[in-house]
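Visitor: coordinates only, sequence not included:
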């Protein structure tokens with residue numbers, strides 16, 4: 001098994017790393033979209049996440065690796081539904097699953113064996129990528145090039161948290177709740193608005209512009225490629241430290257409070273930017289709460305809102321024909337006007 005580049009060793013790209021950590025603390029935020037130049041560490045960061053995340057508890061024998069404490073899900077053949085007593089559990093790695101651009105629908109949603117069903121009366125189902133990604137992360141590189149029928153499928157599953165496969169009168173359903181992570185190059189096309197809206201956070205990455213940062217990136221990457229195991233071992237202490245930080249943030253997340261003043265700030269910011277709907281405020285508050293948990297703070301404050309405002313809101317802005325500035329600049333300007341009045 002290939003050794004992933006350590007998350008802690010990634011140089012720069014602070015906003016991207018923070019967005020991924022926030023999604024790891026609170027998967028309900030809705031995923032992360034990373035757009036930017038080629039060769040800026042987008043795929044490296046996502047693959048590094050797999051080794052960083054603490055293991056999760058799952059029901060032994062469940063093909064969907066269900067949470068034994070979850071009583072809300074519906075999957076047709078989970079041992080938890082059959083066992084009258086407490087199901088056996090195990091600790092397994094959090095799945096980080098790649099969805100290739102050329103994947104067929106059956107590979108994504110799963111396939112029903114109609115011949116076996118008709119001949120033997122057995123509902124044989126081969127789980128797909130959505131089943132493997134349940135309770136984990138589904139990663140799509142070049143997400144803006146994804147075929148339309150797969151985009152529609154992902155939108156439906158992301159909205160319901162459940163995958164339903166129906167063929168010739170047969171039906172199988174299973175939970176499919178995952179954090180959607182997409183990356184791409186904006187020069188190769190835009191993302192469909194319906195899918196763009198499903199991402200909680202949107203991050204822009206750029207090629208480092210200063211000499212020292214570029215040299216450090218190349219040095220670390222070269223050291224890693226020459227001896228991946230030794231490089232990973234050298235960063236193990238930092239990885240363990242960051243993993244403990246994620247675990248602690250998850251434990252304190254529910255106790256982080258959001259004052260009425262913070263809610264008003266979030267609403268004022270979204271109103272000044274003219275964002276559609278209320279998903280912007282909800283994401284902004286949830287991301288600020290996760291950030292506060294990461295930093296060990298008990299209450300969401302202006303500093304948390306200011307840091308998460310660009311990734312939470314930049315992809316929710318309407319196009320303004322009278323303002324040709326980028327969405328990031330518009331968010332930063334609105335933040336400055338609201339939080340730092342003259």
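Guide: Done, it's in. Computed from a predicted structure; not experimentally measured.

Visitor: Just the strands from the protein, written as ranges.
Guide: Listed in chain order, the strands of the chain (DSSP state E) span 32-36, 56-59, 89-92, 96-98, 110-112, 125-127, 137-141, 162-167, 170-175, 179-184, 201-205.

Visitor: So which of the ones you listed is nearest residue 252?
Guide: Of all those, strand 56-59 sits nearest to residue 252, with 18.3 Å by CB to CB. Yep, even glycine has a C-beta here, placed from its N, CA and C like the rest.

Visitor: about what we covered before: export the strands of the chain as a markdown table, with columns for mean pLDDT and mean neighbour count.
Guide: Shown next, in a markdown table, are the strands of the chain (pLDDT from 0 to 100; neighbours: other CB atoms under 10 Å):
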| stretch | mean pLDDT | mean neighbour count |
| --- | --- | --- |
| strand 32-36 | 86 | 25 |
| strand 56-59 | 86 | 18 |
| strand 89-92 | 86 | 13 |
| strand 96-98 | 88 | 19 |
| strand 110-112 | 78 | 19 |
| strand 125-127 | 78 | 18 |
| strand 137-141 | 88 | 23 |
| strand 162-167 | 79 | 17 |
| strand 170-175 | 78 | 19 |
| strand 179-184 | 86 | 25 |
| strand 201-205 | 88 | 23 |
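
Visitor: so which of the ones you listed comes closest to residue 257?
Guide: Between residue 257 and the strands of the chain, the shortest gap by CB to CB is with strand 201-205, which sits at 21.8 Å.

Visitor: quick one, that closest one and strand 179-184 angle?
Guide: On the basis of axes from the mean of the first three to the mean of the last three CA atoms, to 10 degrees, strand 201-205 is oriented at 30 degrees to strand 179-184.

Visitor: mind listing what strand 201-205 pairs with, with the direction of each?
Guide: strand 32-36 (parallel) (DSSP bridges).

Visitor: Please state the offset of the partner strand from the chain centre?
Guide: Chain-centre distance of strand 32-36: 10 Å, with CA atoms, centre = their mean, to the nearest Å.

Visitor: Let me know the pLDDT of residue 69.
Guide: pLDDT recorded at residue 69 is 77.

Visitor: re the thing from before, same list (the strands of the chain) but as a markdown table, adding distance to residue 2.
Guide: Output for those, formatted as a markdown table (distance: least, CB to CB, whole Å):
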| stretch | distance to residue 2 |
| --- | --- |
| strand 32-36 | 21 |
| strand 56-59 | 22 |
| strand 89-92 | 19 |
| strand 96-98 | 13 |
| strand 110-112 | 26 |
| strand 125-127 | 24 |
| strand 137-141 | 15 |
| strand 162-167 | 28 |
| strand 170-175 | 29 |
| strand 179-184 | 19 |
| strand 201-205 | 23 |
